[in-house]
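Asker: sequence below, structure please.
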Amino acid sequence: MTTPITAPLRRYQRAIALAGIVVGLCAGCTGGGTVVGAAEPLGALSRPNVIIVVADDLGFNDVGYNGSEVATPRLDAWIDDALRFSRFYSNVVCSPTRAGLMTGRWPIRFGMMRNTVEPGETFGLPSDEETIAEAFARGGYRQRALIGKWHLGDQRQAYLPNNNGFTSFFGHLTGGLGYFIHEREGVNDLHRDFEPVLGTNGQYLTHMLADEAVAYLESRGADRDPFLLYLAPFNPHRPNETLPEYIDANSGITDSTRRTHAGMVTAFDHLFGRVLDTLEARGLSDNTIVVFMSDNGGDIEYAGANANAPLRGEKATVFEGGMRVPAAIRWPAGGLRGGTVVDARVGYIDVMPTVMAAAGVPLGDRTLDGVNLLPVLRGQAPSPTRDWFAYIGARNGLESLSVTHDGWKLIRRGRALSDPDAEEGVQYLLFRIDDDPSEANDLAVANPDVVAALRERLATFRALEPEDGVRRRPIDPNWTPFPNWTPPA
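Answerer: Residues are numbered from 1 along each chain as shown. Predicted coordinates for the structure are as follows:
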C-alpha cells in the first residue's frame, strides 16, 4: 500500500473477487472503466456514520503535513492516525468534482465536466443521476445532511440539495459569496433547506458552518440512527477574507496574500478540529468514517505561487497542481487508521462506492466509474489499474484533457476533439508521471507512438459526453438572480 502497484488487470480482478467485491469493466478499461464495490458484510459492526469534508481550492502545499508553512495543527494531528493519500485526484474545478463526488461517475457522462456552474447558467445535476444522498436513503440512512457549498445548479428547484436526497441543507447554492457579506451578485445566497437565511451579514461564514456542523452532530449520538454528513466549507476559496487570529497564526509567512490565504486554511483547520472534538464528545469517533479532500488545486493568484508545490500548474489546469490534492480517510472501527501513506492513484469518483460499501448500501442500477477502495486500503487487493482522466472546456471551443495510463500522462490542449480541425494548433505534452510528478520533462516528441495511443484513449473518454448532455449555453444578457437566490417552486 505504500508503493504504486502495476499488476496486470486480471490479478486485480482475482484479488477483488477474493475480497467479495463485484467487478465490471468496459472494453479497454478507458473512460468508461467501471470497478464498483458490493456492500460490506457488516457482521456485528453497527452501520457507520459518514462525514465527507471537502475543502475548496486547497492546494497540495496548503497543509502542514505536506511540508507547508501553513498552520493546520488539527489536520496534521488527525492525519497521524488516518490513511493519507499521496496521489488523490479531483477534477480541476469545483462543479465537476462535486458532480463526480455526488454520483461516483465521470461527470462527462452527463455534461457536467466542462466547467463550473456560473451565475445565470441554467443547467445542473440531472435528476436521473442517483446522488450519494439518494443511495444512502435507499440503503436505510434516514439522516442525510449537507452543510456548506452546493454549486450543482441553482436556477431550478429540481437542482437543489433537498430534491437530490438530502434531508437537511444549510449553506449556499452558488459557487461563491463573501465570508462576511453572504451575497453573490449582490443577492443573498444563504439558505436553510428551501428558505433564505437573512440578517447574518457580519458573521464569519466559516464559523457559521462550523456551528451548524457541531449542532448537527450534537443532535446525534451513539444510540441514534447513523447519518451521512456532507460538509463543504468555502475555505480557502477567494475572496481572501478571514479573521485576524487566523492570519496571526501564520505570521511567519512574509507575503501578505499568501499569509491571508494561509489564515483561511487555518480557519478551515479550526472548523475541522471542532468537528473532531464533537465526534469524540458524543462517542461517535470510532465508528464514523471521515473522508477529507479538496475539490481541486490551489488558485495561485490568491493562494500564492507555492500553493501546489512541488507540482506544476494550478486550479483550472490539467497539470498535477490543478487536480492532485490533499486527501485522507479514517474509520477506526473499520480498520482504517494508523498514519499509513497510500500511494494508489485514486480520486473523487471513488468516494461514493467506498463509503456505500462500508455502510452496507447496495449498488443501484447506475454504472459507477469509481472503485470501492476498502480492499485496497486494508491490503487485501492491489491498486486498480485503470486510466485516470481530467478535462476542462471553454465556450470558445478550446479544451484541455489529460489521461494517465501505465505510468504515462498525456495532456492535450487545443480545439475540441470533435472539431473537424481538431489537430490545428493542438499541443501535446507527455510525461512519465510517477517519475516526474512536477511534469518538468516533456517526452512527446521522442515518443510519437505513445502520444498516438493515448490520444485514442482521450478520444474514447471524450466521446462519453452525449450531445444532449452538453448543457453549457450562452447566458441570457437580461438574466438577473432570483430574489434571495431562491428559484420558484
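
Asker: just the buried positions in stretch 246-256, please.
Answerer: Neighbour counts over stretch 246-256 (16 or more other CB atoms under 10 Å) mark 246, 247, 249, 250, 253 as buried. Every C-beta, even on glycine, is put in place using the N, C-alpha and C of the backbone.

Asker: how about the secondary structure of the spatially closest residue to the third one that is not a sequence neighbour?
Answerer: Once flanking residues are discounted, residue 249 sits nearest to residue 71: 4.5 Å by CB to CB, 6 or more residues apart in numbering. Reducing the assignment to helix, strand or coil with DSSP: H, G, I helix; E, B strand; the rest coil, the entry for residue 71 is coil.

Asker: any idea of the pLDDT on residue 142?
Answerer: pLDDT, residue 142: 95.

Asker: measure it to residue 162 for me?
Answerer: 14 Å (CB to CB, to the nearest Å).

Asker: with neighbour numbers in mind, choose between these two.
Answerer: residue 162 (16 against 12; other CB atoms under 10 Å).

Asker: which of the three states applies to the more buried one?
Answerer: Once three-state DSSP is applied, residue 162 turns out helix.

Asker: what about the helices in the chain?
Answerer: Using DSSP state H, the helices of the chain run over 9-18, 73-79, 94-103, 132-138, 205-218, 244-248, 256-281, 300-303, 320-323, 351-359, 374-377, 448-462.

Asker: what's the closest of those helices to residue 87?
Answerer: helix 320-323 (9.1 Å; CB to CB).

Asker: could you dump that closest one to CSV, C-alpha only?
Answerer: Provided in CSV are the C-alpha atoms of helix 320-323 (Å, rounded to 0.1, in the frame of the first residue of the first chain):
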residue,chain,number,x,y,z
GLU,A,320,-0.9,17.8,-11.4
GLY,A,321,-1.2,21.1,-9.5
GLY,A,322,-4.7,21.5,-10.7
MET,A,323,-6.0,18.1,-9.6
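
Asker: what packs against that helix?
Answerer: The helices and strands touching helix 320-323, judged by 3 or more CB pairs under 8 Å, 6 or more residues apart in numbering; DSSP states H and E, number zero.

Asker: test my guess that residue 455 contacts residue 429.
Answerer: No. Proximity of residue 455 to residue 429 does not meet the contact threshold set by CB atoms under 8 Å, at 12.0 Å.

Asker: excluding chain neighbours, give the residue nearest to residue 173 in space.
Answerer: residue 154 is the one closest to residue 173 (CB to CB, 6+ apart), at 4.0 Å.

Asker: contacting residues for that neighbour?
Answerer: Residues counted as contacts of residue 154 (CB atoms under 8 Å, 6 or more residues apart in numbering) are 117, 124, 160, 173, 174, 485, 487.

Asker: what about residue 310, neighbour count?
Answerer: Neighbours around residue 310, by other CB under 10 Å: 14.

Asker: against residue 79, how distant is the closest residue to it other than its chain neighbours?
Answerer: Computed as CB to CB, 6+ apart, the closest residue to residue 310 that is not its neighbour in sequence is residue 438, at 5.2 Å. Distance of residue 438 to residue 79, computed by CB to CB: 23 Å.

Asker: neighbour count winner among the two?
Answerer: residue 79 (21 against 15).

Asker: look up how far residue 127 lies from the more buried one.
Answerer: Residue 79 is 37 Å from residue 127, by CB to CB.

Asker: got any ranges where this structure has weak pLDDT?
Answerer: Low-confidence segments of the chain (pLDDT under 70): 1-45, 221-223, 469-472.

Asker: show me it divided up by domain.
Answerer: 44-345, 388-469 (automatic domain parsing).

Asker: out of the ones you listed, which one sits most buried?
Answerer: domain 44-345 (a mean of 21; mean count of other CB atoms under 10 Å).

Asker: show me how far that domain is from its chain's centre.
Answerer: 8 Å (CA atoms, centre = their mean, to the nearest Å).

Asker: which parts of the stretch 51-200 of the chain are strands?
Answerer: Ranges of strands in the stretch 51-200 of the chain, per DSSP state E, counting those that start in this stretch, are 83-89, 143-149, 168-172, 183-184, 187-188, 191-192, 195-196.
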